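S.K.: Fold the following and give me the result.
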Amino acid sequence: MSVKTCAIILAAGSGSRMKSSTPKQFMQINGSAVLLYSVRAFSGIADKIVLVAGRAWLEETEELLRRENLSIPWEVTEGGENRYDSSEAGLRCAEGYDYVMIHDAARPCVSAAVIRKSLESALIYGSGIASVASKDTVKVADEQGFVVDTPDRRRLYIIQTPQTFRRDLIADAYARMRADTETDYSDITDDASVLERCGRGRVRLSEGDYRNIKITTPEDLLLAGEWISLEKTS
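M.R.: Down below sits the predicted model:
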């Protein structure tokens, strides 16, 4: 039985650390807006693409997608104040789809292989969170800056996107989070954390890629451009 998949690409962030009035997902890499690299990567795998953008950039986002002439359905919707607000907006546009692949538009170097591995994990386990093993030793510090613990590096992973879920599992987790008005969820920074804390399923890691960086600073933009150029020539 075939399943229907929807890619939810989150492009509503402001990217304040880029020190630019233009959000990082709309900056240019090799002549294309950053977010379009994710759109192109998912367009060959997903059955639908949903772009979640900030209110001031909705028209710009729609125009960018129209120019792409995608062969699959696409939709642009307005994001919210927090990341999880934007994810929920995307989930509402993915009704009727079996699996959702939630991805940060600020990760333009995502490969088809990483996307497929995330989806394959979700098909078996209900979730697939792109990740890579930590190369560095990580310290846990107290509020005064003193180290209180050194976790075993062999069990530490750096989390990326896409984060793929059975849609009913992640939608239920979000509904449970919203219904719980007594708990503070302001520390949640990714969708996997919603499933961890409020869901009925477990979070399963899938194989990511060290090149699948998130653009946060101007240096990241330059590095992503280098990798994209190398990928085209290889």
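S.K.: surely residue 216 meets residue 34?
M.R.: No: applying CB atoms under 8 Å as the test, residue 216 and residue 34 come out as separate, 11.9 Å apart. Heads up, the C-betas are built off the backbone N, CA and C, glycines and all.
S.K.: which of those two has more neighbours?
M.R.: Set residue 216 next to residue 34 and count neighbours by other CB atoms under 10 Å: residue 34 wins out with 24 against 14.
S.K.: list the contacts for the more buried one?
M.R.: By CB atoms under 8 Å, 6 or more residues apart in numbering, the residues touching residue 34 are 24, 25, 26, 27, 28, 105, 106, 108, 215, 221, 224.
S.K.: Repeat that for residue 192.
M.R.: Neighbouring residues of residue 192 by CB under 8 Å, 6+ apart: 127, 129, 159, 163, 203.
S.K.: If any of the residues you listed are buried, give me the PyMOL selection for them.
M.R.: Per 16 or more other CB atoms under 10 Å, the buried members of the contacts of residue 192 correspond to this PyMOL selection:
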select buried, resi 127+129+159+163+203
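S.K.: any weak-confidence spans in this structure?
M.R.: Counting by pLDDT under 70, the ranges of the chain that qualify are 1, 15-17, 19, 234.
S.K.: at 80 what do you get?
M.R.: Flagging of the chain using pLDDT under 80 yields the residue ranges 1, 14-20, 231-234.
S.K.: so where's the longest strand in it?
M.R.: strand 157-166 (DSSP state E).
S.K.: if we can go back for a sec, let's see which of the contacts of residue 34 end up in strands.
M.R.: Under the assignment DSSP E, the contacts of residue 34 contribute residue 28 to strands.
S.K.: Could you list everything the residue nearest the centre of the chain pairs with in the sheet?
M.R.: What sits nearest the mean C-alpha location of the chain, by CA atoms, centre = their mean, is residue 103, with 2.3 Å. For residue 103, the beta-bridge partners under DSSP bridges are residue 9.
S.K.: before we move on, what about residue 74?
M.R.: Beta bridges link residue 74 to residue 49, judged by DSSP bridges.
S.K.: quick one: contacts for it?
M.R.: Contacts of residue 74 were listed using CB under 8 Å, 6+ apart, and they are 39, 48, 49, 50, 51, 65.
S.K.: Mind doing that once more with 10 Å?
M.R.: Contact partners of residue 74, counting by CB atoms under 10 Å, 6 or more residues apart in numbering, are 7, 9, 39, 43, 46, 48-51, 62, 65-66, 68, 93.
S.K.: just residue 13 next, same as before
M.R.: Residue 13 touches 23, 24, 25, 52, 53, 54, 79, 83, 86, 104, 105, 106, counting by CB under 10 Å, 6+ apart.
S.K.: repeat that for 8 Å
M.R.: 23, 24, 25, 54, 83, 106.
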